[in-house]
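Student: Here is a sequence with its predicted model. Questions after.
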Amino acid sequence: MIHLKDINKTFQSNRDTEPVTALSDVNLHIEPGEIYGIIGRSGAGKSTLLRLVNGLETPTSGEVWVGGREISQMKERELRTARQKIGMIFQHFNLLWSRTVWDNVAFPLEVAGKSKAEIKRKVGGLLDRVGLSERAGSYPSQLSGGQKQRVGIARALANEPDVLLCDEATSAVDPETTSSILQLLREINRDTGITLLLITHEMSVVEAVCQRVAVMEWGRIIETGDVQEIFRNPRHSITKQFVKQTLLESEDGDRKDDEGVVVHCSLSVFTEKWSQLESQKGLSVHVLEGELSSTDGIALRLAGRREEVEKAVGILKGEDAGTEVMAGVQ
Ligand SMILES: Nc1ncnc2c1ncn2[C@@H]1O[C@H](COP(=O)(O)OP(=O)(O)OP(=O)(O)O)[C@@H](O)[C@H]1O
């Protein structure tokens, strides 16, 4: 669905300064319906990559393809139409402050020249989808951060896009709101088959929703892979740091003294032992990448107090020699 081929992007602010290389030799292939994460530290090139996908930037060299069409070759008029099928949500929501929730969601439909009847039908459905029907007449300033992002999501979905780009979409909201927004994005992906491309600097966001991830540093993609695999076996030192970041975070976002571990075990062992793990105070158990349908077993992240983590590992290892602890996260 999204294909970046041999992308380089440099910015030349003015003639007296050295050009800045934002992206070097970037190649990326994202399948239709995938939830794909791009993670990297500040300045790694994530936003530039995202802006190439919806044609807000053009590559210095290379090709950007979305849905079988080359975005990087399009003229402005063609791009405007193509962008209707590429929704985007932003860290700071970018809502129209003088318009109500209803009118914010109606805006892209008005721009696309839809009839009043169609706009009414669609906006009603979208607000219902994001759980904001009751707030249709409110202004953005009257909403919480999570509600504002829900408006952003409804607005981005108005023209039934094939792709939704999420630019640090949960960075400005608290952890609880983050989970509910990520859950909503997951449901939308499941129900519509939309391709999601998320950029973030938080591995916990990748962990919660993404199927595959690319790690960026200094404008390059330094590692890609299935999220479970990256958690189990991070190769690059930057990737290890991101994985470690999640191991150090407890459920409430506090930092604990002890690192957690990533464990791989069979599904039957996990389901059998789950009630024991669940009853352990001070232990948080995360199923990496979520689906409990895999026959290859699952990867879990166990975090919390050291003795609780050790106890949990003992429980899982108890009767299953196949349970593997991926403790090599330094
Ligand atoms: N319009 C621009 N003009 C000049 N330099 C730019 C421009 N846009 C980005 N850059 C530079 O390109 C590099 C990559 O920036 P980019 O914003 O893509 O990184 P990022 O990973 O999204 O960082 P952040 O998380 O801080 O937004 C940085 O060195 C940045 O200063």
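Tutor: Sure thing, it's come through.
Student: so where's this protein uncertain?
Tutor: Counting by pLDDT under 70, the chain has low-confidence residues at 248-259, 288-296, 319-322, 326-330.
Student: Nearest residue to the residue nearest the centre of it in space, ignoring adjacent ones along the chain?
Tutor: Closest to where the C-alpha atoms of the chain average out (C-alpha atoms, centre = their mean) is Leu198, at 3.5 Å. In this structure, Leu198 finds its nearest non-sequential neighbour in Cys166, 4.3 Å apart by C-beta to C-beta, 6 or more residues apart in numbering. Heads up, the C-betas are built off the backbone N, CA and C, glycines and all.
Student: where's Ser268 relative to Trp274, distance?
Tutor: Distance, Ser268 to Trp274, by C-beta to C-beta, to the nearest Å: 11 Å.
Student: Can you give the distance of the helix or strand that Gly37 is a member of from its chain's centre?
Tutor: Element membership of Gly37 [criterion: DSSP states H and E] is strand 35-40. Its chain's C-alpha centre and that of strand 35-40 lie 6 Å apart, by C-alpha atoms, centre = their mean, to the nearest Å.
Student: again with stretch 112-127
Tutor: Its chain's C-alpha centre and that of stretch 112-127 lie 27 Å apart, by C-alpha atoms, centre = their mean.
Student: contacting residues for the closest residue to the ligand within the stretch 201-330 of the chain?
Tutor: Taking C-beta to the nearest ligand atom, the ligand has its nearest neighbour within the stretch 201-330 of the chain at His201, 6.0 Å off. Neighbouring residues of His201 by C-beta atoms under 8 Å, 6 or more residues apart in numbering: 39-42, 46, 168, 171.
Student: Where do the helices of this protein begin and end?
Tutor: Secondary structure of the chain (DSSP state H): helices located at 46-53, 76-83, 101-111, 116-129, 145-157, 175-192, 203-209, 227-232, 237-248, 267-278, 306-317.
Student: I'd like those helices as JSON lines, with distance to the ligand and mean neighbour count appended.
Tutor: As requested, the helices of the chain are exported to JSON lines (distance: least, C-beta to the nearest ligand atom, whole Å; neighbours: other C-beta atoms under 10 Å):
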{"stretch": "helix 46-53", "distance to the ligand": "3", "mean neighbour count": "22"}
{"stretch": "helix 76-83", "distance to the ligand": "18", "mean neighbour count": "13"}
{"stretch": "helix 101-111", "distance to the ligand": "24", "mean neighbour count": "20"}
{"stretch": "helix 116-129", "distance to the ligand": "28", "mean neighbour count": "16"}
{"stretch": "helix 145-157", "distance to the ligand": "18", "mean neighbour count": "23"}
{"stretch": "helix 175-192", "distance to the ligand": "17", "mean neighbour count": "16"}
{"stretch": "helix 203-209", "distance to the ligand": "13", "mean neighbour count": "25"}
{"stretch": "helix 227-232", "distance to the ligand": "18", "mean neighbour count": "23"}
{"stretch": "helix 237-248", "distance to the ligand": "12", "mean neighbour count": "18"}
{"stretch": "helix 267-278", "distance to the ligand": "35", "mean neighbour count": "14"}
{"stretch": "helix 306-317", "distance to the ligand": "31", "mean neighbour count": "18"}
